[in-house]
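**Q** After the sequence you'll find the predicted model.
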Amino acid sequence: MQITRPRGTSDILPGTTEKWQVIEQTMHRICREYAYREIRTPIFEHTELFLRGVGETTDIVEKEMYTFLDKGGRSITLRPEATAAVARAYLENKLFAQPQPIKLYCVGPMFRYDRPQAGRLRQFHQFDVEVFGAAGPGADAEVIALAMDYLARLGLKDLQLHINSVGCPECRQVLPEKLRTYLAGQVGDLCGDCRTRIDRNPLRVLDCKNEKCRDIGREAPTPLDCLCTACAEHFEQVRRQLDLLKIGYVVNPRLVRGLDYYTRTAFEILFSESGAQNAVGGGGRYDGLMETIGGASVPGVGFAIGLERVLLVLERQGVSLETAAPLEAFVAVAGETDELATRLLADLRKEGVAADRDYTGRSLKAQMKYAGKTRVPVVVITGEDEAARGVAVVRDMATGEQTEVPVELIAERVRTLSGR
Ligand code: AMP
């Protein structure tokens, strides 16, 4: 029986990998402009990190983690998100001893045992940004601006930015009680999960996908109704900065992020389309996270953008990314000119031309047929007679025009022809 890939994973093939390269290069470029530096953390971490750093009552921890014992009997988890790991790396490598804030980004695969569907995978990729050590609202606005700028540069349209404030621990003490009182009156209509959430984490009821729970959630008191003066002022400032940057947004008081560690600002970037998987990215502030995973109190704010979702939206919106041509020149070998072909190929590559040649020994006709199929714009033909005269034939595949060019000038000519 043929072995297939595990459910919820994908093979990203040539043709698509070039698109990934574009969205990753755009990410590196924009992060450099915003003065963020790349960090790379392990794909797996001690399970404890996510239990503490994501929160034991979250869907991610309760249902979605790939957790296993390694051969040494340690509980290991494939990272379901990046923030907890980046925060751990910040503490472990004493980045707090460097000038603050520390502005980091990373990209890579995340793993969640979720029900696969369009835009939802078990192995997916996130572009993740974190700022540690900046408590002011300017940092919140900057990461939001970075996320929106990134998506706009890739060509995504009609995005909606939803923002909210979930308050600080102080205001959050007010909300659960208000919520519990409200939900207790509606308990008969809540789903099973939400009934248990009333006591454990009533905020999560607002996040439930169940229709009835959503209806009940729409009328419930919100975090915005409970903000203390400092949190209200912070939120006001974030909004003012977004206005200043001309970034449009909707205040959505129902927005609560799935993760426990958020404080104050929470945001989500949605694309306007029906269907549940319409978030391209989301993030917010998590001033309590560092302490939760065993560090001193360090404020943090950041976001994660799902790259599969970015590609999905680009495709649905008919936006094509400008990818580099996989092949710009092909050397077709005729007669006993193998060594010349090898030399020319090396010259072409030195000029920065994506070049290939025939290695199969097939006829010139077959080589030209192959070249046609690859849609390569230029073919260099090395024939014996021409080689004896120190030239080779350069064929422009679009026009069919053939020119003899001195061997030492071929690479330059091809580079010009292929538009590089
Ligand atoms: P979250 O931290 O859950 O808000 O995830 C941030 C972003 O990652 C989401 O807005 C999605 O774009 C993406 N994402 C989350 N889970 C998945 C998944 N299972 N498959 C694909 N993308 C995902």
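**A** Noted; the coordinates are in hand.

**Q** How about the residues of the stretch 101-250 of the chain by the ligand?
**A** Residues of the stretch 101-250 of the chain found near the ligand (CB under 6 Å from any ligand atom) are Arg112, Asp114, Gly119, Arg120, Leu121, Phe124, Gln126. Yep, even glycine has a C-beta here, placed from its N, CA and C like the rest.

**Q** I'd say Leu183 and Arg200 touch.
**A** No - taking contacts as CB atoms under 8 Å, Leu183 lies outside contact range of Arg200: 11.9 Å.

**Q** sorry, back to before: which of the residues of the stretch 101-250 of the chain next to the ligand fall in strands?
**A** Phe124, Gln126 (DSSP state E).

**Q** tell me the least confident of the residues of the stretch 101-250 of the chain next to the ligand?
**A** Across these, the member with the lowest pLDDT is Gly119, scoring 89.

**Q** residue contacts, that residue?
**A** For Gly119, the contact set (CB atoms under 8 Å, 6 or more residues apart in numbering) comprises Gln277, Gly306, Glu308, Arg309, Leu312.

**Q** which of the residues you listed count as buried?
**A** Listed as buried from these are Gly306, Glu308, Arg309, Leu312; burial here means 16 or more other CB atoms under 10 Å.

**Q** how close does the first one sit to Leu183?
**A** Gly306 sits 31 Å away from Leu183, going by CB to CB, to the nearest Å.

**Q** out of the residues of the stretch 101-250 of the chain next to the ligand, who's nearest the ligand?
**A** Among those, Phe124 lies closest to the ligand (CB to the nearest ligand atom), at 3.4 Å.

**Q** Phi, psi for the closest residue in space to the closest one that isn't next to it in sequence please.
**A** Distances taken as CB to CB, 6 or more residues apart in numbering put Glu308 closest to Phe124, at 5.2 Å, once the chain neighbours are dropped. For Glu308, the backbone dihedrals (degrees, to the nearest 10) come out as phi -60, psi -40.

**Q** was I right about Glu308 contacting His125?
**A** Yes - using CB under 8 Å, Glu308 is in contact with His125, at 6.4 Å.

**Q** Of the buried ones among the contacts of Gly119, which ones also sit close to the ligand?
**A** Restricting those to those within reach of the ligand (CB under 6 Å from any ligand atom) leaves Gly306, Glu308, Arg309.

**Q** what residues are up against the last one?
**A** Okay, so that is Arg309. Contacts of Arg309 by CB under 8 Å, 6+ apart are Gly119, Gln277, Ala279, Val280, Gly281.

**Q** one more time with 10 Å
**A** Arg309 is in contact with 118-121, 124-126, 156, 269, 271, 277-281, counting by CB atoms under 10 Å, 6 or more residues apart in numbering.

**Q** how many other residues sit next to the closest residue to Leu327 other than its chain neighbours?
**A** Spatial nearest neighbour of Leu327, excluding adjacent residues (CB to CB, 6+ apart): Val376 at 4.8 Å. Residues lying near Val376 (other CB atoms under 10 Å) number 21.

**Q** Phi and psi next, for Val376.
**A** Taking degrees, to the nearest 10 as the convention, Val376 sits at phi -60, psi 140.

**Q** can you check Ala366 too?
**A** Backbone dihedrals for Ala366, given as degrees, to the nearest 10, come out at phi -70, psi -40.

**Q** pLDDT score for it?
**A** Ala366 carries a pLDDT value of 97.

**Q** Would you mind confirming that it is in contact with Val333?
**A** No - at 11.2 Å, Ala366 does not count as touching Val333 under the criterion of CB atoms under 10 Å.

**Q** Mutual contacts of these two, please.
**A** Counting by CB under 10 Å, 6+ apart, the shared contacts of Ala366 and Val333 are Asp358, Thr360.

**Q** When these two are compared, which one has more neighbours?
**A** More neighbours surround Val333 than the other of Ala366 and Val333, with 25 against 13 (other CB under 10 Å).

**Q** Pull the contacting residues for that one.
**A** Contact analysis of Val333 by CB under 10 Å, 6+ apart lists 339-342, 344-345, 357-362, 364, 367, 380-383.

**Q** filter those residues to the buried ones?
**A** By neighbour count, with 16+ other CB under 10 Å, these hold Leu340, Ala341, Leu344, Leu345, Arg357, Asp358, Gln367, Val380, Ile381, Thr382, Gly383 as buried.

**Q** mind listing what's buried in the helix or strand where Ala85 lies?
**A** Element membership of Ala85 [criterion: DSSP states H and E] is helix 83-92. Judged by neighbour count (16+ other CB under 10 Å), helix 83-92 contains these buried residues: Thr83, Ala84, Ala85, Val86, Ala87, Arg88, Ala89, Tyr90, Leu91.
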